[in-house]
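[1] Below are the sequence and a predicted model; questions follow.
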Amino acid sequence: MIEDRVRAFESALRRAGVRVTRQRAALLRVLATADDHPDATALLERAKAAGAGVSLATVYRTLSELESQGLILKVSFEGEPARYEPADQRHHDHMIDVDSGEVMEFFDERIERLQAEIAAEMGYEIIRHRLELYVRKVR
């Protein structure tokens, strides 16, 4: 799955006329393996830690191109910089811990069913949705 994602990212950049340099390839691998919704700065730090001398401008240009081609999703949570996740994942919702900033993914068929029922009762069908729960650990 990771290798498929990396190849898809590389192909998308090439289609857009963007060279896939060694630095950009390292960034793509970091993005493809991330499971924690990193922001651009976190991606930059991880790519640098992997030995890639990449700039923040390159990170943003790469993210913008991948987003425009539908390969990654840009998600924004209240008071946080934009974060990114691969678009090839199954639908899920997010819980954001307001104290730690941790973002957790979850899926619950009951919530999906209830949302569809509410929309139908009002004469609508859901085309897409996003659910974010801002939470705090109970102490």
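    Cool, got the structure.
[2] give the contact list for the residue lying closest to Ser76 once chain neighbours are set aside.
    Sequence neighbours aside, Ala82 is the residue nearest to Ser76 in space, at 5.0 Å (criterion: Cβ to Cβ, 6 or more residues apart in numbering). The C-beta positions use only the backbone N, C-alpha and C, and glycine is treated the same way. For Ala82, the contacting residues are Asp39, Ala40, Lys74, Val75, Ser76, by Cβ atoms under 8 Å, 6 or more residues apart in numbering.
[3] which ones are touching the second one?
    So that's Ala40. With Cβ under 8 Å, 6+ apart, Ala40 has these contacts: Leu56, Val59, Tyr60, Leu63, Pro81, Ala82, Tyr84.
[4] Okay, and the residue nearest to the spatial centre of the chain sits in which element?
    Taking Cα atoms, centre = their mean, the centroid of the chain lies closest to Glu85, which sits 1.5 Å from it. Glu85 is part of strand 83-86, with elements assigned from DSSP states H and E.
[5] What's the mean pLDDT across the helix or strand just after that strand?
    Toward the C-terminus, strand 83-86 is succeeded by strand 93-97 as the next helix or strand (DSSP H and E). Averaging pLDDT along strand 93-97 gives 95.
[6] next one: stretch 5-24
    On average, stretch 5-24 scores 94.
[7] got the end-to-end distance for that stretch?
    End-to-end distance of stretch 5-24 (Cα to Cα, to the nearest Å): 14 Å.
[8] picking up where we left off before, I figured the residue nearest to the centre of the chain hits Leu73, correct?
    Yes: when contacts are counted by Cβ atoms under 8 Å, Glu85 is listed as touching Leu73 (5.4 Å).
[9] And the residue nearest to Ser76, how far from Ala42?
    11 Å (Cβ to Cβ, to the nearest Å).
[10] that older thread, most surrounded residue in the contacts of Ala40?
    Val59 (24 neighbours; other Cβ atoms under 10 Å).
[11] Check what pLDDT it gets.
    96.
[12] Equivalent analysis for Gln89, please.
    With respect to pLDDT, Gln89 scores 87.
[13] That one: neighbour count?
    Using other Cβ under 10 Å, Gln89 has 10 neighbouring residues.
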